[in-house]
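*Asks:* let me see the structure of the following:
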Amino acid sequence: MLDVPRIGMGTGFADEELKHPDAIVTALQYGIEQGMRFIDTAENYGGGLVEALIGRAIAGKRSQVVIASKFSPEHSRYQDVIDACEGSLRRLKTDYLDLYQTHWPNPSVPWEETLEALRYLQKQGRVRLLGMSNVSMDALQVPFVSLQAEYNLFERTVEYDGTLAYCQKNRITLIAYSPLDQGRTEKKVPSQRQLAWLISHEGVVAIPKSINHGHLKENAEAMRMVLRPEDKAQIDRDFFQEIVYIPTDDIEVSGTGERDRKVYTTLEEAIKNKFGYTPSPMELAHSLKAGGFAKPVRLVPAPNNRYALINGRIRYWAWVIAFEGKKPIPAYVRHDLK
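*Replies:* Next up is the predicted model:
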């Protein structure tokens, strides 16, 4: 398992936050002072800007922090992996990464080719440890010490499908991104208690994102919070989410994506992969037809016994393509966001 603080800092900042680079640098430095010495980032966050800001924040204190970055799926070819790593190192102003992770799988590139590049980087001392992101436990490989996945009080797929138990058994650290569900669950459980609940699970590290110093201090203090067994059990009961299966024709897809991301609103756009996502809806569809795993999409009730899609749009279209709209899709229905 990774030897890092149980709560670190995520850096997938929104466009509005990226307009204040100095505030981000100051926030990162403050978070480090509070003990959150594990910083997770990716080459595509802010088009590389975030890595550059982290480089500024850790200047003179590289040995005090643990830096993890990720390469984009379109950079999964051998030389592309190496070039992506060198770009991250250059922006971060460091000569090694403590942890280098895949960001998303790329079904169009043989996994052996990607792995060969990662082993080369490790052998050269450019990266120390390897991790994966957004894959099912079936895809985890021996050389990888971590799995990054969405995990919070609402999104608990890693519990239901056995991934968390697998990681615990095999001493693989589970890095929980979006640990506060983008603030959606704050009204029911304070953020500190949410983080304390997460890290009460063996081998789980949470990486909340914030540039607010007050929130950063609260996040760090959650590392010292211990929930009573009865409190943890109550939270478990309050947030248990049953996976349901909803006909895809009963789901409405809007043009507004999560975190300002461009989304497909028609089947034609998805098939053509209008926005160039990797993996594309078609690639994911092929994986699904071959028996691949699909994390449930998120829905909220809509008028006339229908549902509105709020998260998982690419997965939705991949499911529609794979099963021609004839097979209900696994989903979580959020009644608290109506």
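
*Asks:* quickly find the element holding the residue nearest to residue 77 when sequence neighbours are not counted.
*Replies:* The spatially closest residue to residue 77, leaving aside those adjacent along the chain, is residue 109, at 5.9 Å (CB to CB, 6 or more residues apart in numbering). Quick note: C-beta positions are derived from backbone N, CA and C, even for glycine. Secondary-structure assignment from DSSP states H and E places residue 109 in no helical or strand segment.

*Asks:* now swap in the one 10 residues further on and tell me
*Replies:* With secondary structure defined by DSSP H and E, residue 119 is part of helix 111-123.

*Asks:* now the next helix-or-strand element following that helix: buried residues?
*Replies:* Downstream of helix 111-123, the next assigned helix or strand under DSSP H and E is strand 127-133. Buried residues in strand 127-133, counting neighbours by 16 or more other CB atoms under 10 Å, are found at 127, 129, 130, 131, 132, 133.

*Asks:* per-residue pLDDT, the nearest residue to residue 11 once chain neighbours are set aside?
*Replies:* Computed as CB to CB, 6+ apart, the closest residue to residue 11 that is not its neighbour in sequence is residue 41, at 4.5 Å. Per-residue confidence (pLDDT) for residue 41: 98.

*Asks:* residue contacts, residue 41?
*Replies:* Residues counted as contacts of residue 41 (CB atoms under 8 Å, 6 or more residues apart in numbering) are 11, 50, 51, 54, 67, 68, 69, 70.

*Asks:* just those now: which is nearest residue 301?
*Replies:* Checking the contacts of residue 41 against residue 301 with CB to CB, the nearest one is residue 11 at 33.8 Å.

*Asks:* for residue 64, see how far away residue 154 is.
*Replies:* Between residue 154 and residue 64 the distance is 34 Å, computed by CB to CB, to the nearest Å.

*Asks:* do the same with residue 9
*Replies:* Summarising the geometry, the distance separating residue 9 from residue 64, computed by CB to CB, is 13 Å.

*Asks:* so the most far-flung residue of the chain relative to its centre is in which element?
*Replies:* Computed with CA atoms, centre = their mean, the maximum C-alpha offset from the centroid of the chain is found at residue 304, amounting to 33.3 Å. When elements are assigned from DSSP H and E, residue 304 belongs to no helix and no strand.

*Asks:* and if you look at the one 3 residues further on?
*Replies:* Taking DSSP H and E as the definition, residue 307 sits inside strand 306-311.
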